[in-house]
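Undergrad: just coords:
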DNA sequence: GTAAACAAGTTTGTATTGCAAACCAAAGAA
DNA sequence: TTCTTTGGTTTGCAATACAAACTTGTTTAC
């Protein structure tokens, strides 16, 4: 009975937000990225990137390390194991929905 | 290249909401469905289905015809041409994102 | 040396949502 | 009549996403 169509309702809402999907997709590919790289690559404003990263960090999907490159701040981000897993699951759910329709 | 990844930001937000994706996917398959069928199939409350349908109607994606089956109200819903097109585009965008990652 | 500009982020303000719960109007029972 | 059910709609509200304002520290200009 459960079509697999309805399974979309259970999709991870944190990852289903396009800005965050993009952020996580980038981190999935590169393993580690600094704030400004991520900003350019994702095409987000600093404010919004910051807010999204905070949510991803709270969820335990991303680790954020604040350090310095010389005297200027450098914020390094990378996916946690939980983040990788969540993204793989998300990707799989979306994929099977798309194929099912 | 990474424009493919960033393209997710431009995804149709109306369709990117799981409840609505499901509603539209059902209507895409059946061409016409009444309110209660849609409710069962999508697994939504009446209230939320009603609200989502209104949005889809406002957007011109769905046509709603209120009629009667005998004496009881019957609300018939179907995708408009714009709705079909929008869903096909959405599906394609998501698909190519998934493949690109 | 100090004022202005810049860099790297964070916080705040606000309008929009998505959902649950309350509501409503018509039709059958009791 | 009053009560219950059916087929929905409206309302209340907490959570969101985005833009704009702010912060903290560092160069540059004078």
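TA: Good, I have the coordinates. As the structure is a computational prediction, the values presented were derived from the model and not from experiment.

Undergrad: need the strands for chain A, in chain order.
TA: Here chain A has its strands, by DSSP state E, at A:33-34, A:62-69, A:72-79.

Undergrad: ok, residues contacting the first one?
TA: Okay, so that is strand A:33-34. The contact list for strand A:33-34 (CB atoms under 8 Å, 6 or more residues apart in numbering or on different chains) reads A:26, A:27, A:41, A:74, A:75, A:76, A:77, A:78. The C-beta positions use only the backbone N, C-alpha and C, and glycine is treated the same way.

Undergrad: With stretch A:13-20 instead?
TA: Residues external to stretch A:13-20 that are found in contact with it (CB under 8 Å, 6+ apart): A:21, A:24, A:42, A:44, A:48, A:52, A:55-56, A:59, A:61, A:86-87, A:90, B:8-9, B:11, B:16, B:18.

Undergrad: max-length helix in chain A?
TA: If you go by DSSP state H, chain A has its longest helix at helix A:81-100.

Undergrad: and the angle from it to strand A:62-69?
TA: Orientation check (axes from the mean of the first three to the mean of the last three CA atoms, to 10 degrees): helix A:81-100 against strand A:62-69 gives 130 degrees.

Undergrad: For DNA strand D, give me its nearest residue in chain A.
TA: residue A:47 (2.3 Å; CB to the nearest atom of the strand).

Undergrad: Number of residues surrounding residue A:96?
TA: Residue A:96 is flanked by 13 other residues according to other CB atoms under 10 Å in any protein chain shown.

Undergrad: for the closest residue to it other than its chain neighbours, what are its contacts?
TA: Nearest residue to residue A:96, sequence neighbours excluded (CB to CB, 6 or more residues apart in numbering or on different chains): residue A:4, at 6.4 Å. By CB under 8 Å, 6+ apart, the contact list for residue A:4 reads A:96, A:97, A:100.

Undergrad: go on, residue A:45?
TA: By CB under 8 Å, 6+ apart, residue A:45 lies in contact with residue A:39.

Undergrad: quick one: residue A:98 and residue B:93 touch, right?
TA: No - at 10.2 Å, residue A:98 does not count as touching residue B:93 under the criterion of CB atoms under 8 Å.

Undergrad: circling back: please identify the most buried of the strands of chain A.
TA: Mean neighbour count (mean count of other CB atoms under 10 Å in any protein chain shown) peaks for strand A:33-34 among those, with a mean of 18.
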